[in-house]
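# Kindly generate the corresponding structure for this input.
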Amino acid sequence: MDFVFIPQRKQLFENPICGKLVKPKLEMFINNGYLPDWFLIEVLSRLPLKCVFRYKCVSKRWRFLISSPSFASLYISRASLLPQPWTILTNTLYVKGVNYLVQSFLPDLFVDNMLHTRFSTIPFPYIVRPEGKQYKIVAVSDGLVLYVRDMGVEVSDYHIYNAITGHCVALPRTSTRFGYVSTGFLTKSEGGSLTSYKVVRFDCQFGESYMLKFEVFSSETGRWRKVVVHMDRAIEIVWLRRPVALNGKLHWIVRRHGILAFDPFSNINQCRVIGLPADIDEQCIDARNNGIPVLLDVHQGRLRYTEVSVKPVYPFGFSGFSVWVLDEYDSSSWILQHRVKIRDISFEDCLISKALNGIIPTPIAFHPLDANVFYLGFGDTVVSYDMKTLKLNALVDPAGIRSSLKGTPCWSSAFVLTLPPWPISLPSIRKKK
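Predicted coordinates for the structure are as follows:
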C-alpha cells in the first residue's frame, strides 16, 4: 500500500489582547526560548489567580501582559464560567507568636500552611503589623478584608487589604468615642475597580435606646461622618453577631424586635426594622446567649436566619436546628425552610463526645453554592450540616496543630470570603475639602 503525504493546513489563532489573527509557523513556535505573547496569554489566563499575580515578578514583559485591561477582561470571561473560590475566615489566631488570619477551607487559596493540610494562612500586611500591635478582621466585601486596630475608646485604626495583590489602604483614624463597636463594610465595584465604599461603625450600647449612633466613612469624601438616628421604639443590638450586607444596606439582629437595616448610601438618617420569624427560640438572642446560637446571613440574594435551639434535651445541651428564608424583603415575609430535632441528627463519631459534653454549636455561614449546607463551630472544630442527609460532619479539627495555635476561633465573628474573578483595585484615599 502506498502512503500519500498531505501537507497540514495552516491555522489562524486570535490574539486575545490585540484581537488580531496570528499565523503560526509550521516549525516550533518557541524560538530560542522565546514564548510569543499569544501563547503566554493563553497559558496565564488558565492559571489560578494567585499564581497569575506571582508571575508578575518574572519580567517586565510578563508584568505588562498581566496588567493589561484586556488580559483582565479575558481572565474574567473565562473565570466567570467556573465556581468562584471561597473560604471561611475566622477571627485572628496566633501561629507561632505571629498574627495570621486562618482559613478554615481551601488550603491553597492564599498561602500554603505546612502546619496542617486543612489550614492556610493570610499574614497581615507588613505596614499594618507594627511590633506588639494586634489587629482583627471586622468585615469582608468583594474579596477585600477590613482590619482594625483598636486604640482604646478614643479612636480606631482601619485598613482595607487585598490579600491577592497585597495592596493595602489605610483609612483616616476615627475620632468618635464609642463603647463597643460593631463594624460593617459595603462596596460598589465596576469592571474590576472599586467605585465607592462605606465603612460603618455602630455604637452597641448595653441596654435599649431610642437614639442610635453611627460613624460612617465614605470613599467619596475621604472622611468620617457622625450620624444619629432617632427611633420610635427602643433598640438593643445583639452585639456578638456581625452585621450582614445586602442590597447596599447593613443588617443587625435586634433583641425583641427583629433586624435593623441601615442604608449609608442613600438614606443615612433613618433605619428600618424587619420582623423576625414568629416561632424562633427567643432564648438564643437574650442577654445570656447574646445571639451566639443564631446566624443572620445572605445566601443567593436573600436573608437567611438560622438558630441552634438552646433548650436542652438530655444528655445534649441543645435540641435542634431551624432555618428560615426572608421570601419578600419589603414585606418581612419569612418561610421556614428546615427544622430538625436533635434525635434525628446523625453525628460523626468524633463529634459525639462534644455533643454529650453539652457544647452548643455556633452557626458560622452558609455554603455559597449549595443551599442545603451550612457550617458551624463545634468547640474548636468546624463542622458541616446537610439539610438533606441530616448529618453533621467534622471538616477541620486543629487538634494536630494545637501546640502552634494559641486561642480558639471566634466563630460568632467568622466570615465567608469569596474571591471575585479578578482582584478589585483599591483607590487611594483622597480628602475633598
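
# For residue 297, report the pLDDT, please.
Residue 297 carries a pLDDT value of 93.

# Repeat that for residue 404.
Residue-level pLDDT assigned to residue 404 equals 47.

# low-confidence ranges in this protein?
1-33, 90-135, 150-155, 191, 396-409, 428-433 (pLDDT under 70).

# how about the longest helix along it: buried residues?
If you go by DSSP state H, the chain has its longest helix at helix 69-79. Across helix 69-79, burial judged by 16 or more other CB atoms under 10 Å covers 71-72, 74-75, 79. The C-beta positions use only the backbone N, C-alpha and C, and glycine is treated the same way.

# Using PDB, write out the CA atom coordinates for it.
Output of helix 69-79 as PDB, limited to C-alpha atoms (Å, rounded to 0.1, in the frame of the first residue of the first chain):
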ATOM      1  CA  PRO A  69      -7.000  45.600  30.900                       C
ATOM      2  CA  SER A  70      -7.600  43.200  28.000                       C
ATOM      3  CA  PHE A  71      -6.000  40.400  29.900                       C
ATOM      4  CA  ALA A  72      -8.200  41.100  32.900                       C
ATOM      5  CA  SER A  73     -11.300  41.000  30.700                       C
ATOM      6  CA  LEU A  74     -10.200  37.700  29.200                       C
ATOM      7  CA  TYR A  75      -9.500  36.200  32.600                       C
ATOM      8  CA  ILE A  76     -12.800  37.400  34.000                       C
ATOM      9  CA  SER A  77     -14.700  36.000  31.000                       C
ATOM     10  CA  ARG A  78     -13.200  32.500  31.500                       C
ATOM     11  CA  ALA A  79     -13.300  32.500  35.300                       C
END
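
# What's the first helix or strand after it?
Under the assignment DSSP states H and E, the closest C-terminal helix or strand after helix 69-79 is strand 86-89.

# what helices or strands is that next one leaning on?
Counting contacts by 3 or more CB pairs under 8 Å, 6 or more residues apart in numbering; DSSP states H and E, strand 86-89 packs against strand 98-103, strand 415-418.

# Return the distance of it from the chain's centre.
6 Å (CA atoms, centre = their mean, to the nearest Å).

# Stretch 136-145 too?
Relative to its chain's centre, stretch 136-145 lies at 6 Å (CA atoms, centre = their mean).

# measure it end to end?
For stretch 136-145, the first-to-last residue distance is 10 Å (CA to CA, to the nearest Å).

# would you list every one of the helices in the stretch 201-350 of the chain?
Listed in chain order, the helices of the stretch 201-350 of the chain (DSSP state H, counting those that start in this stretch) span 349-356.

# For it, which segments are assigned as strands?
209-218, 223-235, 244-246, 249-254, 258-263, 267-274, 294-299, 302-309, 320-328, 333-341, 346-347 (DSSP state E, counting those that start in this stretch).

# Let me have those strands in JSON lines, adding distance to residue 38 and mean neighbour count as columns.
Putting the strands of the stretch 201-350 of the chain into JSON lines (distance: least, CB to CB, whole Å; neighbours: other CB atoms under 10 Å) gives the following:
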{"stretch": "strand 209-218", "distance to residue 38": "43", "mean neighbour count": "18"}
{"stretch": "strand 223-235", "distance to residue 38": "47", "mean neighbour count": "14"}
{"stretch": "strand 244-246", "distance to residue 38": "40", "mean neighbour count": "18"}
{"stretch": "strand 249-254", "distance to residue 38": "45", "mean neighbour count": "24"}
{"stretch": "strand 258-263", "distance to residue 38": "47", "mean neighbour count": "21"}
{"stretch": "strand 267-274", "distance to residue 38": "50", "mean neighbour count": "15"}
{"stretch": "strand 294-299", "distance to residue 38": "41", "mean neighbour count": "22"}
{"stretch": "strand 302-309", "distance to residue 38": "43", "mean neighbour count": "22"}
{"stretch": "strand 320-328", "distance to residue 38": "47", "mean neighbour count": "19"}
{"stretch": "strand 333-341", "distance to residue 38": "49", "mean neighbour count": "14"}
{"stretch": "strand 346-347", "distance to residue 38": "53", "mean neighbour count": "16"}
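
# In CSV, list those along with distance to residue 66.
Listed next are the strands of the stretch 201-350 of the chain as CSV, based on distance: least, CB to CB, whole Å:
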stretch, distance to residue 66
strand 209-218, 31
strand 223-235, 35
strand 244-246, 30
strand 249-254, 35
strand 258-263, 37
strand 267-274, 39
strand 294-299, 32
strand 302-309, 37
strand 320-328, 41
strand 333-341, 43
strand 346-347, 47
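
# And those: which comes nearest residue 84?
strand 294-299 (14.4 Å; CB to CB).

# strand partners of that closest one, parallel vs antiparallel please.
Sheet pairing of strand 294-299 (DSSP bridges) gives strand 302-309 (antiparallel).

# With that, I have no additional questions.
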